[in-house]
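J.: structure for the following, please:
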Amino acid sequence: IGGMGRLKNNRGVSTIEMAIVLIVLLLMVFGITEFGRAFYQYNTLAKTIRDGGRYIIKQSNLPGEIANAKNLVVYGNSTGTGAPLLSGLTTGKVAIVYTGAIPQYITVRIQGYQFQSLVPGIIPFTVNLSPEITMPYLFSP
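T.: Numbering: from 1, shown residues only. Below you'll find the predicted structure:
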């Protein structure tokens with residue numbers, strides 16, 4: 001009889017230990033998943049600003065083509081049609097800056113894009129992603 005009581009107590013302890021380990025493992029899985037999503041979104045932003053930069057450095061009418069370059073960054077096309085490549089990304093968050101009357105360099109950056117966790121109640125992970133690229137202006141008048 002004494003041996004059977006200890007066995008029941010051990011089962012209860014094992015259940016509590018498993019619950020604690022399961023919570024820790026689930027938090028790790030959610031954390032890794034959210035980090036992967038943030039990394040994916042940052043890489044997508046970095047690729048789109050490179051595409052926008054490559055587009056704008058080849059244009060002769062620089063001020064007139066900035067809107068098209070912003071559309072390329074956000075929508076993947078210069079016409080601005082379709083859905084944004086990332087949720088929450090708008091042309092207002094894309095900045096294209098050039099220096100001088102005859103630009104030497106053009107900088108394309110994302111400002112104010114915020115990554116939000118899918119499970120904010122479990123993993124409260126929010127971060128501003130703001131990649132930037134500077135390229136030499138290739139068009140020679």
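J.: going by C-alpha atoms from here, please, whenever you check contacts or count neighbours.
T.: Will do.
J.: so which elements touch the host helix or strand of V21?
T.: Take DSSP states H and E as the rule and V21 turns out to sit in helix 2-56. When contacts are defined as 3 or more CA pairs under 8 Å, 6 or more residues apart in numbering; DSSP states H and E, helix 2-56 sits against helix 62-75, strand 105-110, strand 132-136.
J.: report the spatially nearest residue to the residue nearest the centre of the chain, omitting neighbours in sequence.
T.: Closest to where the C-alpha atoms of the chain average out (CA atoms, centre = their mean) is Q41, at 2.6 Å. Among residues not flanking Q41 along the chain, L86 sits closest, at 7.4 Å (CA to CA, 6 or more residues apart in numbering).
J.: so how far is V73 from that neighbour?
T.: In this view, L86 and V73 are 10 Å apart by CA to CA, to the nearest Å.
J.: compare the two (neighbour count), which wins?
T.: V73 (32 against 13; other CA atoms under 10 Å).
J.: doesn't R54 make contact with that one?
T.: No: with contact defined as CA atoms under 8 Å, V73 and R54 do not form a contacting pair (10.6 Å).
J.: give me the below-cutoff pLDDT ranges for this structure.
T.: Applying pLDDT under 70 to the chain flags the ranges 1-9, 140-141.
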